[in-house]
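*Asks:* predicted coordinates and the sequence they were generated for:
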Amino acid sequence: MCCCCERHTLHTRHTSDTSHTSDMPLLSLTVRSALGRHYLAMFEATQNVMLKPSESWREALLDTRVMDLFFTVHTKVREDSDMAQDSLQCLSQLASMHGPIFPDESAQVSYLAHMVEGLLAMINGMEMEDSEAMGIANIVSNLISMFPRTTLTALPPDLFTSFINCLTLLTCSFGRNAALEETLDKDDMVYMEAYDRLLESWLTLVRDEQHFPRGAFLQPAVQVFNGYIQCHLAAPDGTRNMSTNGVTSHEEDEINELQEDDRELFSDQLSSIGMMGRVAADHCIPLLTSLLEERLSRLHGQLQRTQQNLMAASDLGTVDRKVLDDLYEDIHWLLLVSGYVLTDDPQGETPLIPSEVMEFSIKHSTEVDMNTTLQVLGSPGEKASSIPGFHRTDCVVRLLSAVLRTSEVESRATRASLTSLLSPQMGKDIMWFLRRWTKSYLLLEEKLYEQISLPLSTAFGADTEGSKWIVGYLLEKVISNLSAWSAEGELATDTVELLVTLVERRERANLVVQCEGWWRLAKQFASRSPPLHLLSSPVQRSLMKALVLGGFANMDADTKQQYWAEVLHPLQQRFQNLINQENFAQMSQEEAVKQEIIATLEALCGIAEATQMDNVASLFSFLMDFLSSCIGLMEVYSNTPETINLIIEVFVEVAHKQICYLGESKCMKLYEACLTLLQVYSKNNQSRKRRDPSAEEDQYQDLLLIMELLTNLLSKEFIDFSDTDEVFRSQEQGGASSGRNVSAADVVLYGVNIVLPLMSQDLLKFPSLCNQYYKLITFICEIFPEKIPLLPEELFKSLMFSLELGMTAMSSEISQLCLEALSPLAEHCSKCPDKDSPLSHATQHFLKLVFDMLLLQKHSIELTVAAGEAFYSLVCLHQVEYSELVQALLSSQRDAMVYQRLSEAFRQLQASSAPPSQDRKHKLAFLKSLEEFVANVGGLLCVK
């Protein structure tokens, strides 16, 4: 939901809702035994515990009177918000019930039907309180996510229809109330959270649409989509910022510079709405087009009138921005929703045109006139309605043309010196949409689709005039933006990301480099000409990445040589000329020199980021020539932390992007360079500490980058796409570098010698640094466990202390990393003949820690698997000590019944893998028994 001002800021509370499975059907309102209380204490932070009772509970929980009782209880206690929360939690758990309690599918269908009937009766028979919204959303979510599709479709048709209608009304109602929460700036956004949960439920349903009756979700999708759009548009078409009395609030909110962008903040919400829009594409795509075209007409007219007023008044302060701000806010949300409707965001997969959009275009293709469609597409300066026969335009193409017209209105206003009246946010939204659209539509690959739309393939396919025109238009828009908006960092970032998208695929890059504007941009950037030199460092880095990617497009040899001569050679020449001056050390601190060095380092990072498998040979050779010079700069700029950070970052990017493609000899060169870098850093750091005792506090960024570098070097052990040095052999012949061989272990352990002594508990309070540190030491333990016992004594103790600290005093994520580090250490220790080594003593200590964690302490359920695997490895290593721990625990029990239950549980646990060994079969059996052990007796031992 939104607030309208110069920059709309929303404050959705994103919960990390993790669903857990409980074998205990003892719910929060039932009579709680001691076991039940302690067991629930283990999960006190969990809002959504899934219920998986055993068969022994079948008679009790499948009795419909039990469920009726819980619904009745809620109607009696709902006036008390605390008790209502408990009763809704009970119902939510009942809605999640699954597992062996159901003897067959018929019983599951019967249970679900009764649950849905009770839920509908409860909702229809009451006026919902704010405090009930999240609980009811959880019940609905559990019903949809936990019961199989076949069970849902087996419900009586009228009941299923009533359930979907209720879900539709709830979603729309929660959406309106969420918008009202935003308008009133409430701290507790209960409806927003509930609305998000219901949208997630819709996403689950429509993704499995093929299992349900055809068109079952069409009308609900229309209603939910319309409701979302209405909440985000200003009056009179929408209700944005309207309070309960229907009055629109125009108070400007304080702009929060740290506020996350709406497209990130509401990405999950928008993803669900986008899917709903595709389900009802016949309604939603034309609606978005109509709304956007109408806003653009009003915006164009408003800008023209404002220009005339300015010419008369010559005072920008007299301009009333209220109308413009409302229009920009409307356009903002229309662009976001359009982007999510027309495109999906498959993580790690090739972006494709969504099948629903393709089918929609195919279905209406017989009504489309291609000449008119292409004319509308290629006329962003004209209203679509001014073109004869515009109503026969393909609807998908027309929506894109509306976005291009938005871009054109912005460009013309810029040329008319009206930039101060424009919204940078609108510019960002245009670039974001076009980048997202480009990935899926521009030069679409027909072979990836089962069926193809003729209008879309004609307009955007390979070897078409439409695609060539769009590439040229987008490139000119990028160049215009980088000039007009160089001071707007976020807009410039979005702009250059569009440029990267245009050239990261070779087929698109082939068209881009044919444009005269591309060569003009390359020359301008290489010569550091204004205004490109005013761009922020991250933008310049991405621009260099784009220019390098473009250089690998199809060009004849002479043209390619000319291109690199204009893009990379000036960089190399300027850098060498500068650092080879006799007085470089003296002039190095001059501002102009420092800026030149920083610009070069940023460019090197951009070049590394452009690495692909087919260009790594050229780029590695080019970058290696710089790395030794960069190490020399470490000496010159030892007292300039920002420059030191950037130098290390060059190595980080080279390792991150290229090491997976490098063969042995090239890896050796990189290892040697990294080792030299770390040696120079260590020497400078020692002298720096002697000069400034407080310098340690300023090393946060240094340490973060060094650990990232070491982690990237270690990644070679996991990800290796190299085929020796095959990709390099066309360039040069020769073996590994001369001198001694340097391994990844050498570099990493040397780096650990630098990092560990500096990692104070205060530094570990920085989440990103803490996460990177524990990720690194876990990798080291997993890949080089044999190196750990060889560490110097103090370093070894420091590493063991870090692991214990991470297990006992850090987040679940960090604790899991530490537990994952224990297994390889224990397995290595079991192979060593020395049973009195420091590592053996350390693992014995960790056995006690993990034993206590699993049995005596509250812990996140996600840790059970990692803790169980570590526990088993440690038990195999220290069987005698494990038996002593068990006996000590049993002897401390004064309740005979508890003693008996624990004794029997331990006996069954030990019997599952007797004798304990590292055999996979024994390990899996032990872990399964451990899960049952914790579920059955964990509550007896866990003390809150």
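*Replies:* Everything's here; your move.
*Asks:* from residue 920, how far off is residue 123?
*Replies:* Applying CB to CB, to the nearest Å, the value for residue 123 to residue 920 is 50 Å. Glycine gets a C-beta too; all of them are placed from N, C-alpha and C.
*Asks:* the two: who's more crowded?
*Replies:* Using other CB atoms under 10 Å as the criterion, residue 123 and residue 920 rank with residue 123 on top: 16 against 8.
*Asks:* check what contacts the helix or strand that the more buried one is a member of and list those residues.
*Replies:* If you go by DSSP states H and E, residue 123 is part of helix 105-124. The set of residues external to helix 105-124 that reach it, using CB atoms under 8 Å, 6 or more residues apart in numbering, is 62, 64, 67-68, 71, 74-75, 91, 94-95, 97, 102, 136, 139-140, 143, 147-148, 150-152, 154-156, 159, 162-163, 166, 170.
*Asks:* likewise for stretch 604-613?
*Replies:* Residues outside stretch 604-613 that contact it (CB under 8 Å, 6+ apart) are 540-546, 548-549, 552, 568, 619-620, 622-623, 626, 630, 646, 649-650, 653-654, 656-658, 661, 721, 727.
*Asks:* buried only: go through these for me.
*Replies:* 540-546, 548-549, 552, 568, 619-620, 622-623, 626, 630, 646, 649-650, 653-654, 656-658, 661, 727 (16 or more other CB atoms under 10 Å).
*Asks:* next structured bit after the helix or strand hosting residue 495?
*Replies:* Using DSSP H and E, residue 495 maps to helix 489-504. Beyond helix 489-504 in the direction of the C-terminus, DSSP H and E gives the next helix or strand as helix 506-512.
*Asks:* chain center to that next one, what's the gap?
*Replies:* Relative to its chain's centre, helix 506-512 lies at 28 Å (CA atoms, centre = their mean, to the nearest Å).
*Asks:* packing partners for that helix?
*Replies:* The contact analysis (3 or more CB pairs under 8 Å, 6 or more residues apart in numbering; DSSP states H and E) places helix 506-512 against helix 465-484, helix 489-504, helix 537-550.
*Asks:* what's the end-to-end length of stretch 144-156?
*Replies:* Using CA to CA, to the nearest Å, the end-to-end distance of stretch 144-156 comes out at 16 Å.
*Asks:* what residues of it count as buried?
*Replies:* So, applying 16+ other CB under 10 Å, buried residues of stretch 144-156: 144, 145, 146, 147, 151, 152, 154, 155.
*Asks:* touching, residue 483 and residue 531? I think so.
*Replies:* Yes - using CB atoms under 8 Å, residue 483 makes contact with residue 531 at a distance of 5.5 Å.
*Asks:* before we move on, the earlier item: closest to residue 907 out of the buried residues of stretch 144-156?
*Replies:* Checking those against residue 907 with CB to CB, the nearest one is residue 146 at 34.1 Å.
*Asks:* how close does the closest residue to that closest one other than its chain neighbours sit to residue 433?
*Replies:* Ranked by CB to CB, 6 or more residues apart in numbering and with sequence neighbours excluded, the top spatial neighbour of residue 146 is residue 96, at 4.8 Å. Distance, residue 96 to residue 433, using CB to CB: 38 Å.
*Asks:* pick out whichever of these two has more residues nearby.
*Replies:* Taking neighbours as other CB under 10 Å, residue 96 and residue 433 compare with residue 433 leading, 26 against 23.
*Asks:* tell me the pLDDT at residue 321?
*Replies:* Note on residue 321: pLDDT of 82.
*Asks:* pull out the buried positions in the helix holding residue 123.
*Replies:* Quick answer for helix 105-124 (16+ other CB under 10 Å): 108-113, 115-119, 122-123.
*Asks:* quick check: mean pLDDT across the helix or strand just after it?
*Replies:* Proceeding C-terminally, helix 105-124 gives way to helix 133-146 as the next helix or strand, assigned by DSSP H and E. The average pLDDT for helix 133-146 rounds to 95.
*Asks:* do the same with stretch 820-830
*Replies:* Stretch 820-830 carries an average pLDDT of 93.
*Asks:* any idea how far it is from the chain center?
*Replies:* On the basis of CA atoms, centre = their mean, stretch 820-830 sits 32 Å off its chain's mean C-alpha point.
*Asks:* also stretch 280-294?
*Replies:* Worked out by CA atoms, centre = their mean, stretch 280-294 lies 29 Å from the chain centre.
*Asks:* now it: buried residues?
*Replies:* By neighbour count on 16+ other CB under 10 Å, the buried set for stretch 280-294 is 280, 281, 283, 284, 285, 287, 288, 289, 291, 292, 293.
*Asks:* same question, stretch 55-75
*Replies:* Buried, per 16+ other CB under 10 Å, within stretch 55-75: 57, 61, 62, 67, 70, 71, 73, 74.
*Asks:* please apply the same query to stretch 579-594.
*Replies:* In stretch 579-594, counting by 16+ other CB under 10 Å, buried: 579, 588, 593, 594.
*Asks:* of the residues you listed, just say which sits nearest to residue 429.
*Replies:* Residue 429 lies nearest to residue 594 out of these, by CB to CB, at 35.7 Å.
*Asks:* you'd agree the closest one is up against residue 587?
*Replies:* No - using CB under 8 Å, residue 594 is not in contact with residue 587; the gap is 9.8 Å.
*Asks:* and residue 236, which of the three is it?
*Replies:* coil (DSSP: H, G, I helix; E, B strand; the rest coil).
*Asks:* what's the spacing between it and residue 293?
*Replies:* 18 Å.
*Asks:* residue 50 is in what secondary structure piece?
*Replies:* Assigning secondary structure by DSSP H and E places residue 50 in strand 49-51.
*Asks:* following element in sequence after that strand, please.
*Replies:* Following strand 49-51 in sequence, per DSSP H and E, is helix 58-61.
*Asks:* and that next one, how far from the chain's centre?
*Replies:* 42 Å.
*Asks:* any chance you could list what contacts it?
*Replies:* Taking CB under 8 Å, 6+ apart as the rule, helix 58-61 contacts 25, 53, 66, 94, 97, 101, 103.
*Asks:* state the helix or strand in which the fourth one lies.
*Replies:* Remark: residue 94 resides in helix 81-95, with elements defined by DSSP H and E.
*Asks:* I'd like the mean pLDDT over that helix, please.
*Replies:* Helix 81-95 comes out at a mean pLDDT of 93.
*Asks:* list the contacts of residue 750.
*Replies:* 675, 678, 679.
*Asks:* in the helix or strand the last one falls within, what counts as buried?
*Replies:* Per DSSP H and E: residue 679 is located in helix 664-691. Using 16+ other CB under 10 Å as the test for burial, helix 664-691 gives 666-678, 680-681, 684-685, 688.
*Asks:* again with stretch 153-169
*Replies:* Under the neighbour-count criterion of 16+ other CB under 10 Å, stretch 153-169 has 154, 155, 160, 162, 163, 164, 166, 167, 168, 169 buried.
*Asks:* gap between the helix or strand where the last one lies and the chain center?
*Replies:* Using DSSP H and E, the element containing residue 169 is helix 157-183. Its chain's C-alpha centre lies 28 Å from the corresponding centre of helix 157-183 when counted by CA atoms, centre = their mean.
*Asks:* next, the angle from that helix to helix 133-146.
*Replies:* Relative orientation of helix 157-183 versus helix 133-146 (axes from the mean of the first three to the mean of the last three CA atoms, to 10 degrees): 140 degrees.
*Asks:* angle of the helix or strand that comes right after helix 157-183 against helix 133-146?
*Replies:* Next in sequence after helix 157-183, counting helices and strands by DSSP H and E, comes helix 190-207. Angle, helix 190-207 to helix 133-146, by the same axes, to 10 degrees: 20 degrees.
*Asks:* let me see the ranges of the helices in the stretch 301-450 of the chain.
*Replies:* Ranges of helices within the stretch 301-450 of the chain are 322-342, 355-363, 370-377, 395-415, 424-441, based on DSSP state H, counting those that start in this stretch.
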